[in-house]
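In: Build the 3D model from these lines:
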Amino acid sequence: MKFRLVDSIIRYCENTSISTRKAISFEEFSLLKRWGRKGEFPELLILQLAVESAAFLMAVSSQFEYIGLLKTIDYVKYKAQTAPGDILECQITTMPETNGSNSFKYLIKTGKQIISEGAFTLEPVKLEMFYDPKIYMMMLEEICVQTF
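Out: From the prediction side, this is the model:
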């Protein structure tokens, strides 16, 4: 079973942007409890939500030929904490391509509250190296309100 942070893809514009959602469960909210940090969703998973969303955009934009792997993190800012039941809305926009890599900036909010923002670069790799493209496409169709 693959671990996936994106619950739904709300909209996308090929090669330009994608908007996704993630509902935080009580179990996810309590992941850090055993290390004395209860009361917040792990920051790394917030960043992973953005990276996963951008990788989905790359896959859809390349007709499921490529996916993105994290290459660099340009900056990340965490501005607020989350709570169980929060619906995170992730907005990804592309930036100009450099050296064959794809750069993205992201904004994650819950309602009007900004949770995190930042920018990173993904390296395109063949989707078939990690997933069966047909199964990957079916999985995305299950969580997407638009059709590919």
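
In: ranges for the helices of the protein?
Out: Taking DSSP state H, the helices of the chain run over residues 26-29, 43-61, 133-143.

In: which ones are touching Val125?
Out: Neighbour list for Val125: Tyr66, Ile67, Gly68, Leu69 [criterion: C-beta atoms under 8 Å, 6 or more residues apart in numbering]. Where C-beta positions appear, they are placed from N, C-alpha and C, glycine not excepted.

In: Got a quick ChimeraX command for the buried subset of those residues?
Out: Here is the ChimeraX command that selects the buried residues among the contacts of Val125 (16 or more other C-beta atoms under 10 Å):
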select :66,67,68
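
In: Include pLDDT and distance to Leu5 when you put the contacts of Val125 into CSV, please.
Out: Output for the contacts of Val125, formatted as CSV (pLDDT from 0 to 100; distance: C-beta to C-beta, whole Å):
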residue, pLDDT, distance to Leu5
Tyr66, 96, 20
Ile67, 95, 15
Gly68, 94, 15
Leu69, 95, 16
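
In: quick check, nearest of the contacts of Val125 to Arg4?
Out: Ile67 (13.1 Å; C-beta to C-beta).

In: Report the contact partners of the residue lying closest to the closest one once chain neighbours are set aside.
Out: Counting by C-beta to C-beta, 6 or more residues apart in numbering, Ile67 lies nearest to Leu127, which is 4.6 Å off, once chain neighbours are set aside. Residues near Leu127 by C-beta under 8 Å, 6+ apart: Ala59, Ser62, Phe64, Glu65, Tyr66, Ile67, Pro133, Tyr136.

In: Show the buried residues in these.
Out: Neighbour-count burial (16+ other C-beta under 10 Å) applied to the contacts of Leu127 gives Ala59, Ser62, Phe64, Tyr66, Ile67, Pro133, Tyr136.
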